[in-house]
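Asks: only geometry, no sequence info:
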Ligand code: F6R
């Protein structure tokens with residue numbers, strides 16, 4: 001989703017901004033722009049499409065040491081050069097980039113900007129006009145900036161430059177992520193540390209309704225009422241090489257391949273030297289006290305939550321409800337007496353999940369966030385955090401975060417069961433390392449899976465994944481992965497439910513891929529497969545050793561049935577990857593999608 005960069009220092013600003021924007025490309029965007037300031041004024045370059053296209057129009061001779069940049073994922077107004085950021089005030093004095101959504105922009109327009117003419121269809125443009133209006137009314141730029149932020153309703157991360165002052169970048173945030181970074185003789189602004197790792201790894205977090213006056217030598221954080229805030233910087237623990245593709249053609253393939261390593265990282269991070277599980281006592285207590293767990297998540301993380309429900313209910317014997325974040329906010333179920341909220345989010349920034357978190361904190365409930373990003377908003381604002389240790393996930397289609405989420409949920413379930421004194425014959429550390437090896441076996445079978453993808457999916461119009469019990473949940477994830485990157489209309493279905501309507505869609509050649517890794521439903525899922533095969537479906541089975549039939553197309557190595565989703569999902573990730581590739585799709589940057597969905 002939208003990304004912001006800013007720089008003030010002594011180096012070639014346009015290059016630092018463009019490189020920063022390239023690092024934010026993975027978040028998804030449809031247009032981009034930069035503005036740089038020098039003695040000749042403000043130079044704004046904007047373009048629809050990729051950063052490459054923007055780079056092509058930036059004057060390579062423009063020299064400047066301060067500037068801001070933006071990648072835009074359209075919300076208000078179509079993706080276009082005009083709607084791309086930066087936006088400028090009427091006189092061109094102020095130039096601004098913004099992430100988020102301003103909910104009261106129509107009211108503000110009517111109240112303060114009746115005589116201003118607008119260039120774009122964005123909500124953002126009102127912000128820059130408001131600042132200029134307040135300055136014209138006699139306020140200092142800093143006061144006009146804070147007065148503007150105070151009247152905005154909604155979410156924002158903003159960076160502003162003033163043509164009359166090349167010494168300052170003004171920054172503010174509410175609900176949308178934003179960091180300031182520190183260097184020697186320079187400072188930076190970024191919505192994601194990755195954008196500025198090229199120049200610094202020292203960052204300062206910003207809280208909601210704070211602003212920062214950024215100069216070459218100082219960062220002054222203030223509340224919107226002007227009170228100074230002291231905050232220590234932290235070092236971002238991201239290895240810059242982790243965010244490079246290396247020799248891989250796509251991040252998605254690299255991240256699929258990293259899954260065995262991620263499993264091993266999780267084992268290391270969650271195991272004490274004596275072999276016991278390592279978890280904060282506070283988290284243990286919260287799990288013990290909960291009479292019901294409410295998992296809140298979106299997309300792939302929601303699918304991991306469904307598998308987590310199965311694990312926690314079966315192993316730790318606590319009832320679990322799993323909710324789509326965007327629905328929970330407006331359609332809250334009746335809560336139990338002592339609920340614990342568990343937020344699952346790769347990015348830790350998903351606005352829908354954050355909306356729920358803010359609400360449940362107001363109601364006084366405890367929250368645990370399971371995330372890949374240390375210091376992310378959901379992590380900071382929850383009472384407890386469990387990290388995924390998956391390393392940065394860059395491809396829009398989530399793969400290694402999904403398997404990491406399931407692994408961490410399995411550890412949480414077992415730790416809770418052990419604390420409760422429940423006898424188990426399941427050792428998560430041992431079983432996770434068996435699963436890691438099984439994932440590797442699947443990855444090594446890439447070529448065979450590519451052939452299956454070509455045979456089943458290269459010209460398919462639609463496709464179905466069916467499964468029963470936990471395999472049903474893996475089918476939902478498999479379908480999401482396939483549709484988001486290959487644009488094949490794909491659905492995941494409970495095997496037994498097809499005949500209640502959806503079977504009408506099965507025609508000659510429709511691909512139906514069944515997941516069959518659970519012994520107690522092996523017979524029934526195979527019957528469901530027969531039902532569709534006899535109506536012309538082109539069937540394919542992903543089963544597990546010991547439960548497989550001789551003709552099954554993909555057989556995963558035998559793993560503990562609780563952890564089968566960790567392994568069975570891998571061939572479905574590869575099927576999606578190769579199907580997208582064969583259909584000529586942009587695997588890492590699928591259309592209309594964003595990596596970090598920071599608007600509701
Ligand atoms: C799909 C995908 C999305 C995310 C969803 C939630 O491949 O990545 O469905 O899972 O947008 O994002 P996080 O986990 O960052 O909250």
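Replies: All right, it came through fine. Source: prediction; values computed, not measured. Numbering: from 1, shown residues only.

Asks: where does this structure have its least confident helix or strand?
Replies: Taking mean pLDDT, DSSP states H and E as the measure, strand 234-235 is the helix or strand of the chain with the lowest mean score, a mean of 90.

Asks: touching it from outside, list them.
Replies: Strand 234-235 is contacted by residues 201-205, 375 when judged by C-beta atoms under 8 Å, 6 or more residues apart in numbering. C-betas here are computed from N, CA, C, even on glycine.

Asks: so how far is that strand from its chain's centroid?
Replies: 22 Å (C-alpha atoms, centre = their mean, to the nearest Å).

Asks: and the contacts of strand 234-235, which is closest to residue 306?
Replies: When the contacts of strand 234-235 are compared for distance to residue 306 (C-beta to C-beta), residue 375 wins out at 27.3 Å.

Asks: tell me which residues touch that closest one, please.
Replies: Residue 375 is in contact with 205, 234, counting by C-beta under 8 Å, 6+ apart.

Asks: give me the residue from this protein nearest the ligand.
Replies: residue 299 (1.8 Å; C-beta to the nearest ligand atom).

Asks: now do the same for that residue: its pLDDT.
Replies: pLDDT, residue 299: 97.

Asks: what do you get for the one 4 residues further on?
Replies: Taken from the predicted model, the pLDDT recorded for residue 303 is 98.

Asks: then the one 5 residues further on?
Replies: If you check residue 308, the pLDDT there is 98.

Asks: what are the phi and psi angles of it?
Replies: Torsion angles at residue 308 (phi, psi; degrees, to the nearest 10) stand at phi -60, psi -40.

Asks: just the buried positions in the helix or strand encompassing residue 352, please.
Replies: Residue 352 belongs to helix 351-362 when assigned by DSSP states H and E. Residues of helix 351-362 classed as buried by neighbour count (16 or more other C-beta atoms under 10 Å): 351-357, 360.

Asks: and stretch 255-275, what's buried?
Replies: 255-260, 262-263, 265-267, 270-271.

Asks: what is the strand or helix carrying residue 267 packed up against?
Replies: Per DSSP H and E, residue 267 falls inside helix 259-269. Helix 259-269 sits against helix 400-419, helix 428-444, with contacts defined as 3 or more C-beta pairs under 8 Å, 6 or more residues apart in numbering; DSSP states H and E.

Asks: a markdown table please, covering these and showing mean neighbour count and distance to residue 24.
Replies: What follows is the helices and strands packed on helix 259-269, written out as a markdown table (neighbours: other C-beta atoms under 10 Å; distance: least, C-beta to C-beta, whole Å):
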| stretch | mean neighbour count | distance to residue 24 |
| --- | --- | --- |
| helix 400-419 | 26 | 18 |
| helix 428-444 | 20 | 28 |
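
Asks: make TSV from those and add distance to residue 501 and mean pLDDT to it.
Replies: Below are these laid out as TSV (distance: least, C-beta to C-beta, whole Å; pLDDT from 0 to 100):
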stretch	distance to residue 501	mean pLDDT
helix 400-419	28	98
helix 428-444	33	95
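
Asks: how about those helices in a markdown table, adding distance to residue 463?
Replies: Output for those, formatted as a markdown table (distance: least, C-beta to C-beta, whole Å):
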| stretch | distance to residue 463 |
| --- | --- |
| helix 400-419 | 19 |
| helix 428-444 | 19 |
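
Asks: which one of those helices lies nearest to residue 330?
Replies: It's helix 400-419; of these, that one is closest to residue 330 (C-beta to C-beta) at 24.7 Å.

Asks: where along the stretch 501-600 of the chain do the helices fall?
Replies: Using DSSP state H, counting those that start in this stretch, the helices of the stretch 501-600 of the chain run over residues 522-533, 564-582.

Asks: out of those helices, deepest packed?
Replies: helix 564-582 (a mean of 26; mean count of other C-beta atoms under 10 Å).

Asks: what's that helix packed up against?
Replies: helix 251-257, helix 400-419, helix 428-444, helix 446-457, helix 470-486, strand 511-516, strand 538-544, strand 554-556.

Asks: dump these to JSON lines, plus distance to the ligand.
Replies: Shown next, in JSON lines, are those (distance: least, C-beta to the nearest ligand atom, whole Å):
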{"stretch": "helix 251-257", "distance to the ligand": "9"}
{"stretch": "helix 400-419", "distance to the ligand": "6"}
{"stretch": "helix 428-444", "distance to the ligand": "18"}
{"stretch": "helix 446-457", "distance to the ligand": "17"}
{"stretch": "helix 470-486", "distance to the ligand": "6"}
{"stretch": "strand 511-516", "distance to the ligand": "18"}
{"stretch": "strand 538-544", "distance to the ligand": "19"}
{"stretch": "strand 554-556", "distance to the ligand": "21"}
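
Asks: now these in a markdown table, with distance to residue 3?
Replies: Converted to a markdown table, the helices and strands packed on helix 564-582 look like this (distance: least, C-beta to C-beta, whole Å):
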| stretch | distance to residue 3 |
| --- | --- |
| helix 251-257 | 16 |
| helix 400-419 | 19 |
| helix 428-444 | 31 |
| helix 446-457 | 32 |
| helix 470-486 | 20 |
| strand 511-516 | 35 |
| strand 538-544 | 37 |
| strand 554-556 | 37 |
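
Asks: quick one: closest of the ones you listed to residue 505.
Replies: Of all these, strand 511-516 comes closest under C-beta to C-beta, at 10.0 Å.

Asks: and that closest one, how far from the chain's centre?
Replies: Taking C-alpha atoms, centre = their mean, the mean C-alpha location of strand 511-516 is offset from the chain mean by 28 Å.

Asks: ok, residues contacting that strand?
Replies: Applying C-beta under 8 Å, 6+ apart, the external contacts of strand 511-516 come out as 456-457, 460, 462-467, 471-472, 474-475, 478, 495, 506, 522, 525-526, 528-529, 532-533, 537-544, 547-548, 552, 568, 572, 575.

Asks: average pLDDT across it?
Replies: Per-residue pLDDT values over strand 511-516 give a mean of 98.

Asks: then stretch 376-384?
Replies: What stretch 376-384 shows for mean pLDDT is 94.

Asks: perfect, that will be all.
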